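Enquirer: give me a 3D structure for the following:
(chains A and B)
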2 protein chains.
Amino acid sequence: MSKRGIVIVISGPSGSGKGTVVKELRAICPTMQVSVSATTRQPREGEQNGVEYYFKTREEFEGLIERGEVLEYTQYNGNYYGTLKSEAERIISEGDDLILEIEVDGGGQIKRLMGRECVSIMLIAPSAAEQESRLRGRGTESEEVIQGRLARAKEEIKEAVNYDYIVVNESGKQTECAETILAIIKAEHCSSVRMSSYIAEYFE
Amino acid sequence: MSKRGIVIVISGPSGSGKGTVVKELRAICPTMQVSVSATTRQPREGEQNGVEYYFKTREEFEGLIERGEVLEYTQYNGNYYGTLKSEAERIISEGDDLILEIEVDGGGQIKRLMGRECVSIMLIAPSAAEQESRLRGRGTESEEVIQGRLARAKEEIKEAVNYDYIVVNESGKQTECAETILAIIKAEHCSSVRMSSYIAEYFE
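Expert: The predicted structure is shown next:
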């Protein structure tokens, strides 16, 4: 029986610790796939198309966005960077799971494009106070920047109910948090929707 | 924040190994609650109401069934035995999870009575051939009885798509199977529906 993988969207506001948790997740489970991104920047010496990036012209990239073939993207230094739907499809059709660490507003967009092929998880700090403390802890930003991030995080946490799962990332417990994410992935593979082909083939 | 527990229905056709897996689950996770059943049989010496059983008259029990207050029940030796909705509610309102090992047809009934408070898991053997081998392996039943069980199991497995999860119980791997069920329970506690009260209290 051929089993499809799942696109796992991991998101969370600034101070949720998603970067650390995703690193931990990859350390625990090295078979978890990461996708090759597409970009409009010029290839550097030695970079190969399909290895470091899929290199696209600006026109190609914008055409892909228009046709709903880019799962999420951002612009940086005048270039597009994003995840191609075809790349995600290639990975999950081989039965592997794909982890995408993205910003909160991108999660809803991917869900609309991929439906049940995608499981969205939002990480949050244990409380608003803890989240503020984490943001301030960096100690490198002005009060204005911090206030802006706090306001944005507050809006983003309201989006949590539109995610499939909400996982609390307690301080110093990124391993437990990564293990909870692995439990979610394990559970999702057993959902009756995903197991229906198994049942269909059961008596053959 | 007060978190509610979940009613975990574990079911599966004859040969799925649900009894062994539930024993394993309770061994790994002794805090998992089991409910006190209600019955119409007479209390034996030393048995106390609410400890061994909730003792009910036949009229009381049938009244409870009629009012949808019995989650699942069966008759044995002329007496009713069943799980009261009030008993399940008492356990999950204290934040504990309740495991109910029941027959396949009862799963759908509990789901209708409890909705999202209930998570239903169907265990299946890895294949129809393996399931038949397990049924025959007992070696104590006539061919007629075995054929009857196989036919019933086939019908029951078709019900699997109406369950929330389907877990394959491979031979000799009841520990892995129990761990998968624990992953499902962990994941369900993080579902955004269950976490919505956490989010609501986040900024208070």
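
Enquirer: A:A151 belongs to a helix?
Expert: Yes - assessed by DSSP: H, G, I helix; E, B strand; the rest coil, A:A151 belongs to a helix.

Enquirer: off-centre distance for the helix or strand of chain A with the lowest mean pLDDT?
Expert: Among the helical and strand segments of chain A, the one scoring lowest on mean pLDDT, DSSP states H and E is helix A:104-114, with a mean of 83. Centre-to-centre, helix A:104-114 and its host chain are 9 Å apart (C-alpha atoms, centre = their mean, to the nearest Å).

Enquirer: same check on stretch A:121-131?
Expert: Distance, stretch centre to chain centre, for stretch A:121-131: 17 Å (C-alpha atoms, centre = their mean).

Enquirer: quick check: mean pLDDT across that stretch?
Expert: On average, the pLDDT along stretch A:121-131 is 91.

Enquirer: anything in it near chain B?
Expert: Yes - for stretch A:121-131, a contact with chain B is found by C-beta under 8 Å from any C-beta of the partner chain, at A:I121, A:M122, A:I124, A:S127, A:A128. Quick note: C-beta positions are derived from backbone N, CA and C, even for glycine.

Enquirer: just to revisit the earlier point, flag every buried residue along the least confident helix or strand of chain A.
Expert: For helix A:104-114, the neighbour count (16 or more other C-beta atoms under 10 Å in any protein chain shown) marks A:V104, A:G106, A:G107, A:Q109, A:I110, A:K111, A:L113, A:M114 as buried.

Enquirer: neighbours of A:T175, just the number please.
Expert: 13 (other C-beta atoms under 10 Å in any protein chain shown).

Enquirer: dihedrals phi and psi, it?
Expert: phi -70, psi -50 (degrees, to the nearest 10).

Enquirer: how near is it to A:A27?
Expert: 9 Å (C-beta to C-beta, to the nearest Å).

Enquirer: for A:G82, same thing?
Expert: Counting by C-beta to C-beta, the gap from A:G82 to A:A27 is 26 Å.

Enquirer: of those two, which one has the most company?
Expert: A count of neighbours by other C-beta under 10 Å puts A:G82 above the other of A:G82 and A:A27, at 24 against 12.

Enquirer: right, and the more buried one touches A:V36 too?
Expert: No - with contact defined as C-beta atoms under 8 Å, A:G82 does not count as touching A:V36 (11.2 Å).

Enquirer: pull the distance from the helix or strand A:V145 falls within to the chain's centre.
Expert: Following DSSP states H and E, one finds A:V145 within helix A:143-158. Centroid separation for helix A:143-158 versus its chain: 20 Å, with C-alpha atoms, centre = their mean.

Enquirer: name the residues of that helix that come out as buried.
Expert: Those would be A:I146, A:R149, A:L150, A:A153, A:E156, A:I157, for helix A:143-158 by 16+ other C-beta under 10 Å.

Enquirer: I'd like those as TSV, with distance to B:V167 and pLDDT appended.
Expert: Output for these, formatted as TSV (distance: C-beta to C-beta, whole Å; pLDDT from 0 to 100):
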residue	distance to B:V167	pLDDT
A:I146	46	87
A:R149	42	86
A:L150	42	87
A:A153	37	88
A:E156	34	90
A:I157	33	90
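
Enquirer: tell me the bridge partners for the residue nearest to A:I65 when sequence neighbours are not counted.
Expert: Spatial nearest neighbour of A:I65, excluding adjacent residues (C-beta to C-beta, 6 or more residues apart in numbering or on different chains): A:Y73 at 6.6 Å. Beta-bridge pairing for A:Y73 (DSSP bridges): A:G82.

Enquirer: what's around A:Y73, how many residues?
Expert: 21.

Enquirer: low-confidence stretches in chain A?
Expert: A:1-2, A:138 (pLDDT under 70).

Enquirer: just the helices in it please.
Expert: A:18-28, A:58-66, A:85-93, A:104-114, A:128-137, A:143-158, A:174-189, A:192-200 (DSSP state H).

Enquirer: B:K23 is nearest to which of those helices?
Expert: helix A:174-189 (21.2 Å; C-beta to C-beta).

Enquirer: so how far is A:P43 from A:V168?
Expert: Distance, A:V168 to A:P43, using C-beta to C-beta: 41 Å.

Enquirer: neighbour-wise, which of these two wins?
Expert: Legend: neighbour count by other C-beta under 10 Å for A:V168 and A:P43, higher for A:V168 (18 against 13).

Enquirer: quick one: residues contacting that one.
Expert: Shown in contact with A:V168 (C-beta atoms under 8 Å, 6 or more residues apart in numbering or on different chains): A:L123, A:I124, A:A125, A:P126, A:C177, B:Y198.

Enquirer: now, the most widely separated pair of those?
Expert: Checked with C-beta to C-beta, the contacts of A:V168 reach their widest spread between A:C177 and B:Y198, with 14.9 Å between them.

Enquirer: which one of those two is surrounded by more residues?
Expert: Between A:C177 and B:Y198, A:C177 has the larger neighbour count (other C-beta under 10 Å), namely 21 against 18.

Enquirer: so A:I157 sits right up against A:S127, yeah?
Expert: No - contact criterion C-beta under 8 Å: A:I157 and A:S127 do not qualify, at 10.9 Å.

Enquirer: near chain B, which residues of chain A?
Expert: Applying C-beta under 8 Å from any C-beta, we find that chain A lies next to chain B at A:121-122, A:124, A:127-128, A:154, A:157-158, A:160-168, A:180, A:182-184, A:186-188, A:190-192, A:195-196, A:198-199, A:202-203.

Enquirer: per-domain residue ranges of chain A.
Expert: The record assigns chain A these domain ranges, following automatic domain parsing: A:1-33+A:97-204, A:35-95.

Enquirer: quick one: the shortest one to chain centroid distance?
Expert: Right, domain A:35-95. Distance of domain A:35-95 from its chain centroid, counting by C-alpha atoms, centre = their mean, is 15 Å.

Enquirer: could you do the longest one as well?
Expert: For domain A:1-33+A:97-204, the distance from its own C-alpha centre to the chain's C-alpha centre is 7 Å (C-alpha atoms, centre = their mean).

Enquirer: same for the least confident helix or strand of chain A, what does it pack against?
Expert: In this structure, helix A:104-114 packs against strand A:7-11, strand A:70-76, helix A:85-93, strand A:118-124, with contacts taken as 3 or more C-beta pairs under 8 Å, 6 or more residues apart in numbering or on different chains; DSSP states H and E.
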